[in-house]
Structures are given as structure tokens and as C-alpha cells.
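In: Dropping a prediction and its sequence here:
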4 protein chains.
Amino acid sequence: MFSHVCSLRVRYAETDQMGVVYYGNYATYFEVARVETMRALGFSYRQMEEDGVMLPVLELKTKYIRPARYDDELFITCRIPEMPATRIRFEYEVRNADGQLLNTAETTLVFVDMAKNKPCLMPENLKACFLPYFGP
Amino acid sequence: MFSHVCSLRVRYAETDQMGVVYYGNYATYFEVARVETMRALGFSYRQMEEDGVMLPVLELKTKYIRPARYDDELFITCRIPEMPATRIRFEYEVRNADGQLLNTAETTLVFVDMAKNKPCLMPENLKACFLPYFGP
Amino acid sequence: MFSHVCSLRVRYAETDQMGVVYYGNYATYFEVARVETMRALGFSYRQMEEDGVMLPVLELKTKYIRPARYDDELFITCRIPEMPATRIRFEYEVRNADGQLLNTAETTLVFVDMAKNKPCLMPENLKACFLPYFGP
Amino acid sequence: MFSHVCSLRVRYAETDQMGVVYYGNYATYFEVARVETMRALGFSYRQMEEDGVMLPVLELKTKYIRPARYDDELFITCRIPEMPATRIRFEYEVRNADGQLLNTAETTLVFVDMAKNKPCLMPENLKACFLPYFGP
């Protein structure tokens, strides 16, 4: 298991006329959380794409528990529950500054060799980042 | 069961640097499909909000099967599988012009009395729209 | 001069907590209007990119006169005021169903040869579409 | 004159299939820069809205000089060039981590009394924040 918390602040653009964050915008928050979690491991998603491997999303599940509001600082706990292979699963919990749980989610993504446009194994340098947390 | 198909065209803004629709933007497509499905029933979501009832999303599940691309015309089949009460469930299938299945999803939403900020029963005028399709 | 009117309906995702369309979302509306204006000329922007020429935006100016609201049907008049060369200018007027002027804007875009990553002349097949409206 | 620099990181959702930040997303970056500039003055935009004054945008002008790319850290210098009255003008320069100028822009916004839905003078507590920088 590897876990990381990142924070971000709700933008006006992300609210809707209910006065809360539009439900579709959490997907972007999860993207930020994934990338920051990989960065915390010492890994650059951007570099991985430049090296020819991308990571599209296969599945998203999310539950909306309490609304997030404009200018709220949100804290997103992102967990990678098991050692990835060709797929990688992330779990998310979004909380506000009072620690209230706003949202839970999970996503499954797949490593894709961009040259072949085919699923592939996780790159070796990412695997090396995970080993201390999951064992071989 | 009530079912409706609407179509929309992928905007450049909705693509990302993978050259496909960003995974978070499907939530907006589902919103369009829900509202057009209600309009096909003779019901205006906008009017319902003006009358004091809103419909926030409680849960979203979606599977990404094939990517949608810029300028693709997408056809979204939206189904309401059972008679709503305080909650309403929508199921979605997104296809391209070749009929290929790109995405499946479901959402659960809850009717909320905006004055009381509490869940409430589906408005009577919406119920009347559903009755021919679900029976009393 | 070539001019075309297209319409679109405001999505919930495009509103913000002021209860109106977020000011940044008009840029997407202008993109839709540009592409539909080219389509009305018999030209596909998508095909042009597939043929190796893209059209990034150099400049955007917009005035916000009246707000657009959720579910409003908007009518966007898009004008190409002069024959393009390496650059193309579009002017926009956004009106609601009552004919009220909501927004005016203009954008300047540049044709770019994607292989060379350099500005280039408008493609010949696009020029041919414009000739009936501007003369040689 | 009051000036402030804030930074943000480009999200995947903000790119388009040209592999750069979509031109419409800069408006959101400017919003973030405005709000952070007010926060640096000791002022909360959120609180101002809760107190009944909002600040819609009247005009936006922006020039796109170089593209911003995914995962770039952007530095936005936001300047308020003159003491606001019923209107407030912001000027922006967006640079990347190498100091290259990517984008310049300006926006004009108007203070609106939400109860009366009419333009109004800048709130007194915001004026007090500006006085040390502009004089009475």
C-alpha cells in the first residue's frame, strides 16, 4: 500500500449554479491526486508519456457525500492498494479543512505502449519506485 | 423503463493531449443526456429548479471502453430503469456514428427541496410524466 | 465577408455559482462557432489537422454584456470579415432566444504547419471554399 | 499599483489534442491569479460574495505567445494598475519555469450589489486594503 495526501483549492470555474463543485470536476481532482502521488514516489507521469507509455482510465466510481464549495481547501488522500502490473488502481478520499469526508472514489487505469497502442506492463522505473512499499 | 437517445459533437476543448476526450468530460455528456431525456418526457429540469427542487448526483460509475475523438458525433442512450421516488437512476451507453460502444455509465441522483435543503419525493408533475411508462 | 449562425444550449457544467455561464466557457462556444462556420463552407477543421495544419489562437478579445443562463439556447453569429492568408480572424455575437446581445468577441488564429511547427499559408482547399465569398 | 505572483501547475484536463493548454483555460488561470492577489492583500473574494457583492467580468483580452504544456509550473504576475472604484482592472503575465512569457492578458470586472443587481462601489474593507498601495 502506498498513500499520499495532496491539497488543492476549489476554483470559481469549478462551481455550478447549485453553488457547489460540479460533479464532473472531481475527475480532474483525482487526476491531480494521482499525479502528485506518483511525484511523491519520485516518479514523473509526464516523463513516462514522453518515454512512450500513457495511462488512460478504464473505470471510475465515485460517491458524492457532502458538497465542496468555492475556495474550500480540499485534502485528497490517494492510495494505491496493490502492486500494479498492466493495470493500476487508485482509491481516493476527499476531505475539507474540517476533516469532513466529501467524496470517495476509485479509478482503474491501464498502461499503454503508445507506439503499439497496446496494453503493456508498468515501466521498470515505476516498478522500482513501488518495490519499497509492496515488496517484490 | 423509459429510454431516449440524444446526440452531441465532441468539442476541441473536451479533448486532451492523448488526442481523445478527457475522461472527466463524460460526466457533462451524461448531464446533457439526462436533461434531454427529461425534456423528451415533456419535463424541464430548469423549471424544476426554479420551482425549488434540485437534483444533485449521489453516485457515478463509468467504464471507458473505446475513446471518443474530436468532432465525433456521439449518440447517448439514456435509460431510466425504474420508477423514481426520492432517488432517480439513469443508465447510459455512448456510441459513435459507427455504432461502436465507447462508454457505459450509471448515475444515481436525489431530489432535494432547496428551501429545506432536505431530500424530498419526486415532484408530482415529473411523476405524471413517468406514469405512462412505468404504471402507477 | 462570410457569416454563419449556429446554436447551442448552455450546459449545467458551464454555469458557476453566480448562476450564469462562467466567463471562461465562452471561448469554447467560440470554438464551436468557428468549426461550424467552416463546416457550413464545406470545410472540415478535423480533416485539416489530419492533413497536418493546425490553427492555434493568437488573440482573444471578448465583452460580456448580459449573462447567459442554464438551459438557454444561444445563437452565435460568426463572421470572417476578410480573406485569410496566414492568419484568420473571426468575429462573434452571442444572442439568446429573445435576440438580446449577450457577448461580442473576436479571435485571431494562425495556420501552422505541424511537421515544421511554423506558420504557413491557409490550405488551398480552404482558400477554394472562401473564394466565392471574397473574390480572388 | 499592486502586484502579486502566484503559481499553479497545468493539469491534464486542461490540455487539448494539440498537446498544449486549451486557449479557453487561461481564463480560469486568471481567476485563480485574481483571487490569490486579493488574498495577498488580506482580502477574501469568497467573503465579499457572502457579504452580498459579486464581481463579474466585463471584458477579457488575451494574447497567446507561447504554449503552456502539461505539468508545467506556471507563474502568473497579476497587477492592479489603478485604484478601483466601481470597476477593477487586472493585468496578467503568464511565464513558465524558464521565465519565458507565454501569455499576457487584462480583464475588467465590475462590483455588483447582489441584492439590487446593480453596479456598486468597491466595498470599504477592500478599499482599506488598497489604500497603502494607491494612496487616498
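Out: Cool, the structure landed.

In: isn't there a strand covering A:A85?
Out: No: counting by DSSP: H, G, I helix; E, B strand; the rest coil, A:A85 is not part of a strand but coil.

In: I'd guessed A:C78 sits against A:T37; true?
Out: Yes: contact criterion CB atoms under 8 Å: A:C78 and A:T37 qualify, at 4.4 Å. Quick note: C-beta positions are derived from backbone N, CA and C, even for glycine.

In: Report the helix or strand with the lowest average pLDDT across chain A.
Out: Lowest mean confidence among the helices and strands of chain A (mean pLDDT, DSSP states H and E): helix A:124-134, at a mean of 94.

In: For the residue nearest the centre of chain A, which non-adjacent residue is spatially closest?
Out: In chain A, the residue lying closest to the centroid (CA atoms, centre = their mean) is A:R34, at 2.6 Å. In space, and not counting its chain neighbours, A:R34 is closest to A:F90: 5.4 Å by CB to CB, 6 or more residues apart in numbering or on different chains.

In: pLDDT score for the one you found?
Out: Looking at A:F90, its pLDDT stands at 98.

In: ditto for A:P136
Out: 66.

In: Quickly note the distance from the most far-flung residue of chain A relative to its centre to C:Y23.
Out: In chain A, the residue that sits farthest from the middle, by CA atoms, centre = their mean, is A:Q17; the gap is 26.3 Å. Going from A:Q17 to C:Y23 by CB to CB, to the nearest Å gives 14 Å.

In: send the alpha carbons of stretch A:51-67 over as PDB?
Out: Presented in PDB, the C-alpha positions along stretch A:51-67 are these (Å, rounded to 0.1, in the frame of the first residue of the first chain):
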ATOM      1  CA  ASP A  51       9.000   7.800 -22.900                       C
ATOM      2  CA  GLY A  52       6.100   6.400 -24.800                       C
ATOM      3  CA  VAL A  53       3.700   4.900 -22.100                       C
ATOM      4  CA  MET A  54       0.400   6.500 -21.300                       C
ATOM      5  CA  LEU A  55      -2.100   5.600 -18.700                       C
ATOM      6  CA  PRO A  56      -5.800   6.000 -19.800                       C
ATOM      7  CA  VAL A  57      -8.600   5.500 -17.400                       C
ATOM      8  CA  LEU A  58     -10.700   2.300 -17.700                       C
ATOM      9  CA  GLU A  59     -13.100   2.800 -14.900                       C
ATOM     10  CA  LEU A  60     -14.300   5.400 -12.400                       C
ATOM     11  CA  LYS A  61     -16.600   5.000  -9.500                       C
ATOM     12  CA  THR A  62     -17.400   7.900  -7.200                       C
ATOM     13  CA  LYS A  63     -19.700   8.700  -4.300                       C
ATOM     14  CA  TYR A  64     -20.700  12.200  -3.500                       C
ATOM     15  CA  ILE A  65     -21.300  12.500   0.200                       C
ATOM     16  CA  ARG A  66     -21.100  16.300   1.000                       C
ATOM     17  CA  PRO A  67     -20.600  19.200  -1.400                       C
END
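
In: Quick one: residues in contact with the helix or strand that the residue nearest to the centre of chain A is a member of.
Out: A:R34 is part of helix A:26-40 when elements are defined by DSSP states H and E. Outside helix A:26-40, the residues that touch it by CB atoms under 8 Å, 6 or more residues apart in numbering or on different chains are A:2-4, A:6, A:8, A:14, A:44-45, A:60, A:62, A:64, A:74, A:76, A:78, A:80, A:90, A:92, A:94, A:103, A:105, A:107, A:109, A:126, A:129, B:22-24, B:27, D:11-13, D:71.

In: That helix to helix B:26-40, inter-axis angle?
Out: Interaxial angle, helix A:26-40 versus helix B:26-40 (axes from the mean of the first three to the mean of the last three CA atoms, to 10 degrees): 170 degrees.

In: and the gap between A:P81 and B:L74?
Out: Taken as CB to CB, the span from A:P81 to B:L74 is 33 Å.

In: Any residues of chain A in contact with chain B? List them.
Out: By the rule CB under 8 Å from any CB of the partner chain, the part of chain A lying against chain B is A:17-18, A:20, A:22-28, A:31, A:49, A:54, A:56-64, A:67.

In: Let's see that with 6 Å instead.
Out: Within chain A, the positions lying close to chain B (CB under 6 Å from any CB of the partner chain) are A:18, A:23-24, A:27-28, A:54, A:57-64.

In: Shouldn't A:D71 be within a strand?
Out: No: judged by three-state DSSP, A:D71 forms no part of a strand; its state is coil.

In: The residue nearest to A:R34 against A:T107, yeah?
Out: Yes: using CB atoms under 6 Å, A:F90 makes contact with A:T107 at a distance of 5.2 Å.

In: more crowded one of these two?
Out: The neighbour comparison of A:F90 against A:T107 (other CB atoms under 10 Å in any protein chain shown) goes to A:T107, with 24 against 21.

In: per-residue pLDDT, that one?
Out: For A:T107, pLDDT reads 98.

In: Was I right to think it contacts A:E91?
Out: No: with contact defined as CB under 6 Å, A:T107 does not reach A:E91; the gap is 8.4 Å.

In: which stretches of chain A aren't confidently modelled?
Out: Scanning chain A for pLDDT under 70 picks out A:136.

In: Please, where are all the strands along it?
Out: A:2-9, A:53-54, A:57-64, A:73-80, A:87-95, A:101-110, A:112-113, A:118-119 (DSSP state E).

In: wait, which of those strands is closest to D:M114?
Out: Closest approach to D:M114 among those (CB to CB): strand A:2-9, 22.6 Å.

In: Is the closest one positioned near chain D?
Out: No: residues of strand A:2-9 contacting chain D under CB under 6 Å from any CB: none, with a closest distance of 8.1 Å.

In: Could you check which of A:P81 and B:L74 has the larger neighbour count?
Out: Using other CB under 10 Å as the criterion, A:P81 and B:L74 rank with B:L74 on top: 22 against 13.

In: show me what contacts that one?
Out: B:L8, B:A68, B:V94 (CB atoms under 6 Å, 6 or more residues apart in numbering or on different chains).

In: From B:A68, how far off is it?
Out: For B:L74, the distance to B:A68 equals 6 Å [CB to CB].

In: likewise A:R87?
Out: In terms of CB to CB, A:R87 sits 21 Å off from B:A68.

In: quick one: which of the two has more around it?
Out: Between A:R87 and B:A68, counted using other CB under 10 Å, the more crowded position is B:A68 (24 against 15).

In: Surely the more buried one and B:Y23 touch.
Out: No: look at B:A68 against B:Y23 with CB under 6 Å: they stay out of range, at 10.3 Å.

In: Look up how far C:T86 lies from the nearest residue to A:V20 once chain neighbours are set aside.
Out: For A:V20, ignoring the flanking residues on the chain, the nearest one in space by CB to CB, 6+ apart is A:P67 at 3.5 Å. According to CB to CB, A:P67 stands 48 Å off from C:T86.

In: That concludes my questions; thank you for your assistance.
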